[in-house]
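Enquirer: no FASTA, just this:
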């Protein structure tokens, strides 16, 4: 038995946070019904595409879901969704505050219909702000893409607030389902990207507040013993030698035992960084790694994504999976959490737009005439 077998999820999210959360719920056994409007999610056409309307993004993030296409602006479409929610355990939605209320799909209305439902809203800035934004905007506003100690801005390959919000939604849903076991009642979860981005800086915030109280100079993450250094061949090494024993081994690697007493010499931190940078630049990344060999003291290479996927660390995780389907062989990044008595599985490719609409309608008791009526109305 899978962990979430018997849990029905209605996933009406259009972008990464909800899609990622729904993906993980499906990986661990939930019956996830993906709702789209009749035009389909914009992410279906993100480059590159495996087939028309089936981008690799869509295939990765919407696996293990059944697909229903519905127009909630039509009375029959909104009613269809209400019928789904009447028997669902979880509702994931990613619209701006107030949008679903126009169609009688807001929390207050649906809670009366199904008091056990866990209703999870994922927004940019919570229920009191209608500001549009994507991950880059959010992390900028939250101070998260000023990531170096001199205030330089950067664009991360990882959509930090989006993936983080997907994980926050997942953990919130799990907690709400556990609470429901005790109380019998569902509840409304308000997850937003901005709060996620702020909360992920918990250590930086505590340091900032502490330094304001004590008058100390804020200490960033970068130091001469905790930094990234460029090698002779324009590759990089990460040096995370926080523990004194690791710093000493790093000094041995550099053949500079005189540095051993300078680990916490912050008065000369810039000079020490420049000195270490010059030493690291005398050899290629491969030459340094050969010198390190099997020793372990938190000096490691900066890998490309392709190198990381092919590494022994990735291989031992068994997180990369393949599955055959009508589109051929599809490769997946599997679920990251391992359980002693369960595992994530990928049993269904992502749906074509509306692929399972009639199947789900049949489950709800719609007969052929009722389906035809919805089609005539333009609701499906």
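Expert: Received the coordinates, thanks. Remember, predicted model here, so these are calculated numbers, not experimental data.
Enquirer: pLDDT weak spots in the stretch 151-300 of the chain?
Expert: 151-152, 219 (pLDDT under 70).
Enquirer: try it again with 80
Expert: 151-155, 217-221 (pLDDT under 80).
Enquirer: Where do the helices of it begin and end?
Expert: With helices called from DSSP state H, counting those that start in this stretch, the stretch 151-300 of the chain shows them at 160-183, 193-199, 202-214, 244-254, 269-280, 285-292.
Enquirer: could I get those helices as a markdown table with mean neighbour count and distance to residue 55?
Expert: All C-beta atoms are positioned from the backbone trio N, CA, C, and that covers glycine. Shown next, in a markdown table, are the helices of the stretch 151-300 of the chain (neighbours: other CB atoms under 10 Å; distance: least, CB to CB, whole Å):
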| stretch | mean neighbour count | distance to residue 55 |
| --- | --- | --- |
| helix 160-183 | 19 | 16 |
| helix 193-199 | 21 | 22 |
| helix 202-214 | 11 | 34 |
| helix 244-254 | 17 | 43 |
| helix 269-280 | 15 | 40 |
| helix 285-292 | 15 | 34 |
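Enquirer: and of the ones you listed, who's closest to residue 48?
Expert: helix 160-183 (20.1 Å; CB to CB).
Enquirer: residues in contact with that closest one?
Expert: 7, 15-21, 24-25, 89-90, 92, 116, 118, 120, 122, 134-135, 138-139, 142, 144, 185-187, 189, 191-194, 196-197, 200 (CB atoms under 8 Å, 6 or more residues apart in numbering).
Enquirer: Quick check: the gap between residue 134 and residue 18.
Expert: To residue 18, residue 134 is 14 Å away according to CB to CB, to the nearest Å.
Enquirer: ditto for residue 257
Expert: From residue 257 to residue 18 the distance is 54 Å (CB to CB).
Enquirer: The two: which is more packed in?
Expert: residue 18 (26 against 10; other CB atoms under 10 Å).
Enquirer: pretty sure that one contacts residue 90?
Expert: No. The criterion here is CB atoms under 8 Å, and residue 18 misses it with residue 90 at 11.1 Å.
Enquirer: all helices for the stretch 1-150 of the chain, in order.
Expert: Under DSSP H, counting those that start in this stretch, the stretch 1-150 of the chain gives helices at 16-27, 56-61, 75-86, 107-113, 135-141.
Enquirer: angle of the first one against helix 160-183?
Expert: Read it as helix 16-27. Between the axes of helix 16-27 and helix 160-183, defined by axes from the mean of the first three to the mean of the last three CA atoms, to 10 degrees, the angle is 50 degrees.
Enquirer: List the contacts of residue 339.
Expert: residue 3.
Enquirer: What's opposite it in the beta bridge?
Expert: Following DSSP bridges, residue 339 is listed with bridge partners residue 342.
Enquirer: could you pull out the strands for the stretch 251-380 of the chain?
Expert: Assigned by DSSP state E, counting those that start in this stretch, the stretch 251-380 of the chain shows strands spanning 299-301, 320-325, 328-333.
Enquirer: Return the most buried member of those strands.
Expert: Most buried of the strands of the stretch 251-380 of the chain by mean neighbour count (mean count of other CB atoms under 10 Å) is strand 299-301; its value is a mean of 18.
Enquirer: So what touches that strand?
Expert: 235-241, 250, 253, 285, 288-289, 292.
Enquirer: circling back: among the strands of the stretch 251-380 of the chain, which is nearest residue 373?
Expert: strand 320-325 (32.7 Å).
Enquirer: what residues go with each domain of this protein?
Expert: Structurally, the chain divides into domains by automatic domain parsing as follows: 8-200+319-377, 226-309.
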